[in-house]
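S.K.: Starting from these lines, generate the structure:
(chains A and B)
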Amino acid sequence: MNLLQQLREKPWLPSPGPVVALRDGSTFYLPAATLGLRVFFAVITVVFSLLITAYGTRMAFEDWRPAPQLGLLWFNTIMLLLASAGMQWARWAARRGDRDNLAIGLLGGGICTIAFLAGQLQAWRQLEMVPTFDVMSPAIGFFYLITGLHGLHMVGGMVAWGRAAVKLWRGLDVMRLRLSVELCASYWHFLLVVWLVLFALLFSGNDNLQAILVFCGIR
Amino acid sequence: MAYFIPTAPEDVPPAELGEVELYHAHSWITRWVFCQDAKVIAIQYSLTALAIGMVALVLSWLMRLQLGFPEAFDFIDAQAYYQFITMHGMIMVIYLLTALFLGGFGNYLIPLMVGARDMVFPYVNMLSYWIYLLAVLVLVSSFFVPGGPTGAGWTLYPPQAILSGTPGGAEWGIIIMLASLALFIIGFTMGGLNYVVTVLQARTRGMTLMRMPLTVWGIFVATILALLAFPALFVAAVMMGFDKLLGTSFFMPAIVEMGAQLKYGGGSPILFQHLFWFFGHPEVYIVALPAFGIVSDLISVHARRNIFGYRMMVWAIVIIGGLSFIVWAHHMYVSGMHPYFGFFFATTTLIIAVPTALKVYNWVLTLWRGNIHLTVPMLFAIGFIITFVNGGITGLFLGNAVVDVPLSDTMFVVAHFHMVMGVAPILVIMGAIYHWFPLMTGRMYDDRLGKVHFWITFLGAYAIFLPLHYLGLLGVPRRYFEMGETSFIPPSAATLNEFVTVMALIVGFSQLVFIFNLVWSTFWGKAAERNPWKATTLEWQTPEMPPGHGNFGDRLPIVYRWAYAYGIPGAPQDYLPQNVPPDLARVDELPEEEKRHKAAAGGHA
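M.R.: Below is the predicted model of the structure:
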């Protein structure tokens, strides 16, 4: 039964069938941790959607000046893409029970993530060096805020990654590691998508968000 | 209609969730302090919330003393008064009501009511409580830092919240408040994930979504609201923290303070208001929806009637939850907005009254011709309905922009939101505590003291807040430390303020009766019989009372019917618990008419 069918049930009537097997092919046939992570994705989505909305609202003001462009962000984006690919590699290996490839994927993903985070820190420093740097400029403030929050989420992911890596190091059976690796991969893909949206809308020139604002008649 | 009766073993599906690996405590510390059992966490949440709530109660007395007897107390100056207001509001809304409904009742009732052994992520659940406690301690610490707590009002509007003219604005007060809120939200998110996933994943066999008690529905939907609404407050708190600490200008316009130009410019205070109320309005329903759910169950059990319109009640909870995200700007009519926006938000605000009114009608229709037992929980439930209708109707006035603008900064608004969001949910909390007290402690409370507590609280709340409506209509402003002489306000308003203050003191002190009753009865109360209210829901069907570790002994219960099989004609008892297998033989001996009634009420699987 899908969710809408369940909500149409008339529970006061006697049930015409056997005791209902709740998860027999139903909507929520998932491990609890997977569902928990998906709910968490919803929470993160709200956080970043609100930040994008706030950014767009602020852009509509007359005194808006975009933040300086940083070429380094392209490199960071590629690093995050590679990190996500590494995690996917590890996920496929875990499904096959292939320990060596799992280790390669997990390690590669972790290294690329560290490179991404280091790159973001470097981007912060580069921005500080720009002659037009002004902490009062909303675009610059938003840049630090949004990249900082995204980075913190990546650091949180690295904690889960570290736990999975330690389990692998200690020789835990690959099949028992599978869920951890699956969840890490999902989390990395999700944060990659979030970053791509942030990068495309906010940090690669503002033109895209500008176009949306004009289309909506806000600017 | 042919009814299916499970007789063979294969008719009952195997447990979908294997026996979970239960947390086992190995020492006193891990059993009672760093415990992962949801029931213990629930009690920790509840006691912490009630303790900090008492602080907020005392703060309200101090405010009332100033309003009733201005200039009588030297230690209450304008700065202290604003600090009392701010801390009272924030503590009551977030650290008491939200924490108690979701962290307290959610933790205790969700696993028991859906037939689970515990929450799905017990360790994260435990962390949730400790982060909440840390948030509370951080908040309390602001009383002891230089400059004291923030006095920016519970809405913390910039720019004044971080300016030096506001108490706590130049020192630590506002920083501590923002840090505490951020901690609270992180802790809550951990708990909230648990509540949602437990409801979706850990229900026992037969417990379809539409067989869940409305208490679980209310807490479930409120948790989803909170998970989606608190991020707005989180973002706002972080951004304001940046403005204060790093000198950014997210919310700060160019501003001159004491003749000096501050290093701010270009920020939008209105943006903060949008973020705050995008959280703030759903927050009303984060508190109200669990109250709606709990009161539905209290009424049904104590009136021995199945809840009227169960499906409508569930859908109304979901619809109210959805609508609560598109009404927030009705808190901002006086901030100025495009007239079409005002029209939109006034319309959505009035629309939300439809599902809400539907619930009120259904409660009343459940009571209609019910076998009403005026127990203490039932008195509180009925008190809630009356109070919620009163507070809700003034909300309909204020939802209209043209009515709201003149009333917005008066005591009328204070009276409105205290009725609908203060008194009404508190009445439900008290009713719920009395209702589930026997389950939690295995003992009965003192009935006479409970009734004394109810009548003083209920009548006293009206003695406090009805006059405030009148004062508001006279034009008595809110947020004023001292009114002085104002030409359009008659001197009798001061007399009325004195009366309100005296009543607030009486109602506040009467809560000692409640606390005494709970403490005394926990240790020396009469032993409660099993399932004393003859309720159908699973929490009362546990092998032990109070429920033991793992809740349900060796085997998880199997659910055969909904949670409202009450008032069944001809049955030896007038109710059928959710987990009692169907007994066709007994039904078949009944006359045809009664057979149909009984079947409809849940006599068959």
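S.K.: okay, now whichever residue of the stretch 101-250 of chain B sits closest to chain A: neighbour count?
M.R.: Closest contact between the stretch 101-250 of chain B and chain A, by Cβ to the nearest Cβ, is at residue B:248 (3.7 Å). The way it works is simple: take the backbone N, C-alpha and C, and place the C-beta from them, glycine included. As a burial measure, residue B:248 scores 24 neighbours (other Cβ atoms under 10 Å in any protein chain shown).
S.K.: do the same with the one 4 residues further on
M.R.: Residue crowding around residue B:252 was assessed by other Cβ under 10 Å; the count is 25.
S.K.: any idea which helix or strand carries it?
M.R.: For residue B:252, there is no helix or strand it lies in under DSSP states H and E.
S.K.: quick revisit: looking at the residue of the stretch 101-250 of chain B closest to chain A now. What's its pLDDT?
M.R.: At residue B:248, the predicted lDDT confidence score is 91.
S.K.: Check residue B:3 too.
M.R.: pLDDT for residue B:3: 37.
S.K.: can you pull the pLDDT of the residue nearest to the spatial centre of chain A?
M.R.: Note on chain A: the residue nearest the mean C-alpha position is residue A:191, at 1.5 Å, using Cα atoms, centre = their mean. Here, the pLDDT recorded for residue A:191 equals 98.
S.K.: That one contacts residue A:154, doesn't it?
M.R.: Yes. Between residue A:191 and residue A:154 there is a contact at 6.0 Å, judged by Cβ atoms under 8 Å.
S.K.: Can you pull the residues that touch both of those two?
M.R.: Residues touching both residue A:191 and residue A:154 (Cβ atoms under 8 Å, 6 or more residues apart in numbering or on different chains): none.
S.K.: Just give me the residue right at the centre of chain B.
M.R.: Mean-position check on chain B, Cα atoms, centre = their mean. Result residue B:287 at 3.3 Å.
S.K.: ok now do residue A:139, which residues does it touch?
M.R.: Counting by Cβ under 8 Å, 6+ apart, residue A:139 has contacts A:64-67, A:206.
S.K.: Which of those residues sits closest to residue A:116?
M.R.: residue A:67 (19.2 Å; Cβ to Cβ).
S.K.: Could you tell me the model confidence score at that closest one?
M.R.: Looking at residue A:67, its pLDDT stands at 81.
S.K.: per-domain residue ranges of chain B.
M.R.: With automatic domain parsing as the criterion, the domains of chain B are listed as B:35-155+B:173-199, B:374-524, B:529-605.
S.K.: Please see if the first one touches chain A.
M.R.: Yes. Residues of domain B:35-155+B:173-199 contacting chain A under Cβ under 8 Å from any Cβ of the partner chain: B:120-121, B:189, B:193-194, B:196-197.
S.K.: Could you list the low-confidence segments of chain B?
M.R.: Scanning chain B for pLDDT under 70 picks out the ranges B:1-21, B:570-571, B:583-605.
S.K.: no wait, chain A
M.R.: Under the criterion pLDDT under 70, the flagged ranges of chain A are A:1, A:15-29, A:206, A:219.
S.K.: do that again at 80, thanks
M.R.: Scanning chain A for pLDDT under 80 picks out A:1-2, A:14-29, A:62, A:204-210, A:213, A:216-219.
S.K.: and the closest residue to residue B:551 other than its chain neighbours, what does it touch?
M.R.: Excluding the flanking residues, the one nearest residue B:551 by Cβ to Cβ, 6 or more residues apart in numbering or on different chains is residue B:117, at 5.4 Å. The contact partners of residue B:117, by Cβ under 8 Å, 6+ apart, come to B:20, B:22, B:111, B:550-552, B:556.
S.K.: Of those residues, which is the nearest to chain A?
M.R.: Out of the contacts of residue B:117, the member with the shortest distance to chain A (by Cβ to the nearest Cβ) is residue B:20, at 9.5 Å.
S.K.: Residue A:186: which of the domains of chain B is closest?
M.R.: Among the domains of chain B, domain B:35-155+B:173-199 comes nearest to residue A:186, with 14.9 Å by Cβ to Cβ.
S.K.: How far does the closest one sit from its chain's centre?
M.R.: 12 Å (Cα atoms, centre = their mean, to the nearest Å).
S.K.: Arrange the residues of domain B:35-155+B:173-199 next to chain A in a markdown table, one row each, with neighbour count, distance to residue A:31 and secondary structure as further columns.
M.R.: Formatted as a markdown table, the residues of domain B:35-155+B:173-199 next to chain A follow (neighbours: other Cβ atoms under 10 Å in any protein chain shown; distance: Cβ to Cβ, whole Å; DSSP: H, G, I helix; E, B strand; the rest coil):
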| residue | neighbour count | distance to residue A:31 | secondary structure |
| --- | --- | --- | --- |
| B:120 | 26 | 10 | coil |
| B:121 | 20 | 12 | coil |
| B:189 | 22 | 20 | helix |
| B:193 | 27 | 14 | helix |
| B:194 | 29 | 15 | helix |
| B:196 | 23 | 15 | helix |
| B:197 | 25 | 10 | helix |
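S.K.: And the furthest pair within the residues you listed?
M.R.: So, the residues of domain B:35-155+B:173-199 next to chain A by Cβ to Cβ: farthest apart are B:120 and B:189, at 14.9 Å.
S.K.: Contacts for stretch A:84-102, please.
M.R.: By Cβ under 8 Å, 6+ apart, stretch A:84-102 touches A:103-112, A:168, A:174-175, A:177-178, A:181-182, A:184-185, A:188-189, A:192.
S.K.: Keep only those of those residues that are also close to chain B.
M.R.: Answer for those near chain B: none qualify (Cβ under 8 Å from any Cβ).
S.K.: are any of those buried, and which?
M.R.: Among those, those buried by neighbour count (16 or more other Cβ atoms under 10 Å in any protein chain shown) are A:103, A:105-106, A:108-110, A:112, A:168, A:174, A:177-178, A:181-182, A:184-185, A:188-189, A:192.
S.K.: Now tell me what touches stretch B:385-397 from outside.
M.R.: The contact list for stretch B:385-397 (Cβ under 8 Å, 6+ apart) reads B:295, B:349-350, B:353, B:356-357, B:360, B:363-364, B:403-404, B:407, B:412, B:415-421, B:423-424, B:427, B:458, B:461, B:469.
S.K.: now do 7 Å
M.R.: Stretch B:385-397 is contacted by residues B:350, B:353, B:356, B:360, B:363, B:403, B:416, B:419-420, B:423-424, B:427, B:469 when judged by Cβ atoms under 7 Å, 6 or more residues apart in numbering or on different chains.
S.K.: swap in stretch B:476-487?
M.R.: B:66, B:70, B:78, B:81, B:153, B:409-411, B:413-414, B:489, B:493.
S.K.: hmm, back to that, can you tell me which of the contacts of stretch B:385-397 is nearest residue B:333?
M.R.: Set against residue B:333, the nearest of the contacts of stretch B:385-397 by Cβ to Cβ is residue B:403 (9.5 Å).
S.K.: Next, count neighbours for the closest one.
M.R.: Going by other Cβ under 10 Å, the residues that sit close to residue B:403 add up to 16.
S.K.: Report the buried residues of stretch B:524-537.
M.R.: For stretch B:524-537, by 16+ other Cβ under 10 Å, it's B:525, B:528, B:531, B:533-537.
S.K.: returning to what we had before: how about the residue nearest to the centre of chain B: what's its closest non-neighbour residue?
M.R.: Nearest to residue B:287 is residue B:97, by Cβ to Cβ, 6+ apart, at 4.6 Å.
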